[in-house]
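J.: Below are the sequence and a predicted model; questions follow.
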Amino acid sequence: MKKALPYILLAVLLVAALAIRRCRSVAKSKKDIENKIDRNTVLDRRPGFLEYTDHAKCRMDCGHITPQAVVYIFQNGEVNNNITETDARPCPVYALEGYTAAKQHLRIIVAQCDYKTKLVTCVNIDTPFDCGCTGAGIKYER
């Protein structure tokens, strides 16, 4: 019996380690499912995917709009359904509007593609700036 005791303890530890490993993998897979967003059907507001087009950078510089203000509107702004084009191809286009902490009334236009969301343009609605920026974002600046 004394010779078998170390083998029994080893077997118990192995079973316990396998049980702990299995519990962790189940918890991780549930978390992955909760965090998965279908970017083809809903606006993904995670700023880690956000990229700025040259046109958007020009508009931000001219209109004194900070990246922090853009991210705030991106995460908290209301979707303007009159401008939003969810059927646009190759990427759905969303118009988001809202007020920043600095009381700027902004509209941002984003095109949500596979693994990135491009900021097409941003506009200060209350204080329009004539920036002379060129690019695809011009059509959304009405």
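T.: Cool, the structure landed.
J.: what residue ranges in this protein are flagged as low confidence?
T.: Applying pLDDT under 70 to the chain picks out residues 1-2, 25-40, 136-142.
J.: can you give me the helices for it?
T.: 5-35, 54-63, 67-76 (DSSP state H).
J.: Out of these, which is closest to Thr121?
T.: helix 54-63 (5.4 Å; C-beta to C-beta). Where C-beta positions appear, they are placed from N, C-alpha and C, glycine not excepted.
J.: Quick check: buried residues in the closest one?
T.: Neighbour-count burial for helix 54-63 flags 55-56, 58-60, 63 (criterion: 16 or more other C-beta atoms under 10 Å).
J.: quick revisit: possible to save the helices of the chain as TSV with distance to Pro128?
T.: TSV is the format used below for these (distance: least, C-beta to C-beta, whole Å):
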stretch	distance to Pro128
helix 5-35	38
helix 54-63	8
helix 67-76	16
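J.: Make sure Ala102 is actually in contact with Gln68.
T.: No. Proximity of Ala102 to Gln68 does not meet the contact threshold set by C-beta atoms under 8 Å, at 9.5 Å.
J.: Quick check: Leu50 vs Val71, distance?
T.: As for Leu50, its distance to Val71 is 7 Å (criterion: C-beta to C-beta, to the nearest Å).
J.: sorry, back to before: adding distance to Thr84, write the buried residues of helix 54-63 out as a markdown table.
T.: Below are these laid out as a markdown table (distance: C-beta to C-beta, whole Å):
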| residue | distance to Thr84 |
| --- | --- |
| His55 | 18 |
| Ala56 | 17 |
| Cys58 | 23 |
| Arg59 | 19 |
| Met60 | 21 |
| Gly63 | 21 |
